[in-house]
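K.L.:
For reference, the sequence and a predicted model appear below.
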Amino acid sequence: MTERSEGKPSRRGRPRSTAAEAAILDAAYGLIVSKGLTAATMDAIARASKVSKMTVYKWWPSREALLIDAFLRHASLMLPLTEEGDPISTLQRHAAAYAEALKSEFGKVQLAVISECIAKTGSAQLFTERYLDIRRRTATAIIERGQREGSIMAGVAAGDLYDRIYGTLFYRFLFQFRPLSGDYARKLVASLLMPQ
């Protein structure tokens, strides 16, 4: 199952056009990057994607949900995460790529989308449900496999280890009190996951 399809409610009726959905999500992300969050209205997204407004409003329950899905699509393409391969190496590669991505437009978009969710709904729950939970499940499964195989320390819950890695990276990005780099991310993963 792909990251894009996990956690999505089943839909009745005619299935979505994959091409139209991609066009909408890419248009939303592109508008945030090029013109800012306020420019990425549902109407502007429909115009930029050349998909009818009715379709956009039908497929997403809110602007916030659409913006999160646009970010999720971009993250899935830019930062793929699979359960295959050596657990520590896989997480080191992903964490390093995430750290570098945070320093680019990707980080600005993520922060803008989270801020929008909090401003509109009072919490980041929607972002958690539509994006973070999906990523967290995949990474936690990787950590759990490493714990079973003995390559990752087993004394701490996999979810807590995930939070320590990615929470630390996001905290550094958000407050910028220390440099953030791919090398730092790789060392962080090793220090937290490798058995002593």
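P.N.:
Yep, that arrived. Residues are numbered from 1 along each chain as shown.
K.L.:
Near Tyr77, how many other residues are there?
P.N.:
For the record, residue 77 is Leu, not Tyr. Leu77 is surrounded by 11 other residues when neighbours are defined as other C-beta atoms under 10 Å. Just so you know, the C-beta spots here come from the backbone N, C-alpha and C atoms, and that holds for glycine as well.
K.L.:
tell me the contacts of it?
P.N.:
Applying C-beta atoms under 8 Å, 6 or more residues apart in numbering to Leu77 gives no contacts.
K.L.:
Tell me the helix or strand right after the helix or strand encompassing it.
P.N.:
Element membership for Leu77, per DSSP states H and E: helix 63-78. Sequence-wise, the next helix or strand downstream of helix 63-78 (DSSP H and E) is helix 87-102.
K.L.:
Other residues contacting that next one?
P.N.:
Helix 87-102 has contacts (C-beta under 8 Å, 6+ apart) with 78-79, 81-84, 107, 110, 139, 142-143, 145-146, 149, 151-152, 165-166, 169-170, 173, 180-186, 188-190, 193-194.
K.L.:
what about it, distance to the chain center?
P.N.:
Taking the mean of its C-alpha atoms, helix 87-102 sits 13 Å from the chain's own mean (C-alpha atoms, centre = their mean, to the nearest Å).
K.L.:
Also stretch 50-58?
P.N.:
Between the centre of stretch 50-58 and the centre of its host chain there is 24 Å, according to C-alpha atoms, centre = their mean.
K.L.:
Tell me the buried residues in that stretch?
P.N.:
Buried residues in stretch 50-58, counting neighbours by 16 or more other C-beta atoms under 10 Å, are found at Val51, Thr55, Val56.
K.L.:
mind checking how far the second one is from Arg164?
P.N.:
So that's Thr55. As defined by C-beta to C-beta, to the nearest Å, Thr55 lies at a distance of 41 Å from Arg164.
K.L.:
what does Ala95 give?
P.N.:
Distance check for Ala95 against Arg164: by C-beta to C-beta, it reads 11 Å.
K.L.:
what do you get for Leu37?
P.N.:
Remark: distance between Leu37 and Arg164 (C-beta to C-beta) = 29 Å.
K.L.:
neighbour-wise, which of those two wins?
P.N.:
When Leu37 and Arg164 are compared on other C-beta under 10 Å, the one with more neighbours turns out to be Leu37, at 19 against 16.
K.L.:
residue contacts, that one?
P.N.:
The contact partners of Leu37, by C-beta under 8 Å, 6+ apart, come to Leu67, Ala112, Val113, Ser115, Glu116.
K.L.:
how far away is it from Tyr29?
P.N.:
The spacing between Leu37 and Tyr29, counted by C-beta to C-beta, is 11 Å.
K.L.:
Spell out which residues make up each domain of this structure.
P.N.:
Each structural domain of the chain that the record assigns through automatic domain parsing is listed here as a residue range: 17-59, 65-193.
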